[in-house]
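>>> Sequence below, structure please.
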Amino acid sequence: MLYLMAWCWAILGATEPAPLRVVLPSDQVVKVTTGETFEVVLEGNITTGYAWSVTHLPKGLVQVGEVKYLNPTATPGEPRRVGRGGQFVFTFQAKLATQGAVKFAYARPWEKDVPPAATAVLNFISSEK
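Now for the predicted structure:
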């Protein structure tokens with residue numbers, strides 16, 4: 001019986017829907033329900049030493065997992081190239097009904113007294129299901 005349930009699950013495509021994906025900069029206000037996850041994508045180039053980080057995370061929103069760095073190729077099958085930019089992908093989950101802004105900074109982590117090279121803000125609203 002368990003095998004049959006697993007087979008039906010696979011055939012019907014009963015997988016979790018892909019999370020909402022927002023590429024910054026964007027004037028979009030992200031609207032989510034509690035429990036929902038969403039991804040924030042920021043362009044950057046890790047080979048320069050710069051990386052995006054969260055500088056402000058409002059109460060009720062949590063970061064899920066580690067930041068992913070994607071280094072896409074120009075065309076399928078082409079090897080990755082040193083120095084080519086990529087994307088930093090952050091995943092967040094709304095835990096409470098709230099609203100606020102997630103703030104990001106693009107900086108070199110070891111340069112403590114230097115302002116970030118860039119900043120970004122994502123405004124969001126989360127509501128009960």
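
>>> Which element is encountered next along the chain beyond the lowest-mean-pLDDT helix or strand in the chain?
None of the helices or strands of the chain scores lower by mean pLDDT, DSSP states H and E than helix 2-11, at a mean of 35. Next helix or strand after helix 2-11 toward the C-terminus (DSSP states H and E): strand 20-24.

>>> Would you list the strands that that following strand pairs with, along with their directions?
strand 37-44 (parallel) (DSSP bridges).

>>> Please identify the buried residues of the strand it pairs with?
37-42, 44 (16 or more other CB atoms under 10 Å). Heads up, the C-betas are built off the backbone N, CA and C, glycines and all.

>>> what's the closest of the residues you listed to residue 23?
residue 41 (4.5 Å; CB to CB).

>>> what's the burial count for the nearest residue to the closest one once chain neighbours are set aside?
Leaving aside its sequence neighbours, residue 41 sits nearest to residue 23 (CB to CB, 6 or more residues apart in numbering; 4.5 Å). Residues within reach of residue 23, counting by other CB atoms under 10 Å, total 13.

>>> right, and residue 23 touches residue 38 too?
No: counting by CB atoms under 8 Å, residue 38 is not a contact partner of residue 23; they are 11.7 Å apart.

>>> low-confidence ranges in the chain?
Residue ranges of the chain with pLDDT under 70: 1-19, 24, 72-76, 79-82.

>>> now the strands for it?
20-24, 29-33, 37-44, 51-56, 61-63, 68-70, 86-94, 98-107, 118-127 (DSSP state E).

>>> Determine which two of the buried residues of strand 37-44 are furthest apart.
37 and 44, at 21.5 Å, using CB to CB across those.

>>> spatially speaking, which residue is in the middle of this protein?
residue 90 (2.5 Å; CA atoms, centre = their mean).

>>> could you check the distance from the closest residue to that one other than its chain neighbours over to residue 114?
Closest residue to residue 90 apart from its sequence neighbours, by CB to CB, 6+ apart: residue 40 at 4.6 Å. Residue 40 sits 24 Å away from residue 114, going by CB to CB, to the nearest Å.

>>> Over to residue 55?
Between residue 55 and residue 114 the computed distance is 14 Å (CB to CB).
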